[in-house]
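Q: Curious how this folds, go ahead:
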Amino acid sequence: MENKQSFIAEARREQMIQACIDALNEYGYTNVSLTKVAQKAKVSTGLISYHFSGKMDLMNQTLLYLLNKKLDFISGKVVQEQTSISQLKAYIEASLAYQVANYKNNIALIEIVFNAKDEEGVPYYRAVHDEEDQLNALLKDILFEGQKRKEFSDGFDPEMLCILIQGAIEESMLYQNKSFSYEKYKDELIRMITKIVM
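A: The predicted structure is shown next:
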């Protein structure tokens, strides 16, 4: 019985987080309130307050949810590959595919990261975090492992290349229009990065 209740509570929390994502897309971070999220979720504001201690808690939980969804999707594709080069290609392909398929999630993520502030009033994007972003860590591991296995050349710095790849992936998020081809972009990015690592 307890398992069923915790499953229902978890499903309810996810429903509210999805509503928060919708509200962030429609209103932007500064205009989102628990009331607006409750309206989107078709629940009472009191129920949201029961599951989350306030707007900040809801935003933090939504941010964690978004980061984990992205990580699960990308790492799920990477672990299926055996070689470093195929893992690197899978990482780039999966990252771009996730962005295309989850545009609303990307907007919500940007809204939180660039508008939310920690207890000291420092915006999230400027806050120093002790633990490294897990997606960055995954990409760095692929690059370091490729050099260790001698699959990749040692003529590049994995940390610098990681920044370059992440930047190229994230920048493409801004080009959501009909004339922009993700397929062409993906092929070109993989071609260029392959030249650097081989």
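Q: helix/strand/coil for residue 169?
A: In terms of secondary structure, residue 169 is helix; the call rests on DSSP: H, G, I helix; E, B strand; the rest coil.
Q: quick one: it and residue 97 touch, right?
A: No: in this structure residue 169 lies outside contact range of residue 97 using CB atoms under 8 Å: 10.7 Å. Using the backbone N, CA and C atoms, a C-beta is placed for each residue, glycine as well.
Q: neighbour count winner among those two?
A: Between residue 169 and residue 97, counted using other CB atoms under 10 Å, the more crowded position is residue 169 (22 against 15).
Q: Without its sequence neighbours, what residue ends up closest to the more buried one?
A: Spatially, and ignoring its direct neighbours in sequence, residue 169 is nearest to residue 95 (4.6 Å; CB to CB, 6 or more residues apart in numbering).
Q: pull the CA atoms of the strand or helix carrying that neighbour into CSV?
A: Per DSSP states H and E, residue 95 falls inside helix 84-101. Coordinates of the C-alpha atoms in helix 84-101 are reproduced here as CSV (Å, rounded to 0.1, in the frame of the first residue of the first chain):
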residue,chain,number,x,y,z
SER,A,84,35.5,6.2,-28.0
ILE,A,85,34.7,7.7,-31.4
SER,A,86,31.3,6.0,-31.6
GLN,A,87,30.6,7.2,-28.1
LEU,A,88,31.6,10.8,-29.0
LYS,A,89,29.4,10.7,-32.1
ALA,A,90,26.5,9.2,-30.0
TYR,A,91,27.0,12.0,-27.4
ILE,A,92,26.7,14.8,-30.1
GLU,A,93,23.8,13.1,-31.9
ALA,A,94,21.9,12.4,-28.7
SER,A,95,22.5,16.0,-27.4
LEU,A,96,21.2,17.6,-30.6
ALA,A,97,18.3,15.1,-30.9
TYR,A,98,17.2,15.8,-27.3
GLN,A,99,17.2,19.5,-28.0
VAL,A,100,15.0,19.1,-31.1
ALA,A,101,12.6,16.8,-29.3
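Q: And the average pLDDT for it is what?
A: Taken as a whole, helix 84-101 carries a mean pLDDT of 95.
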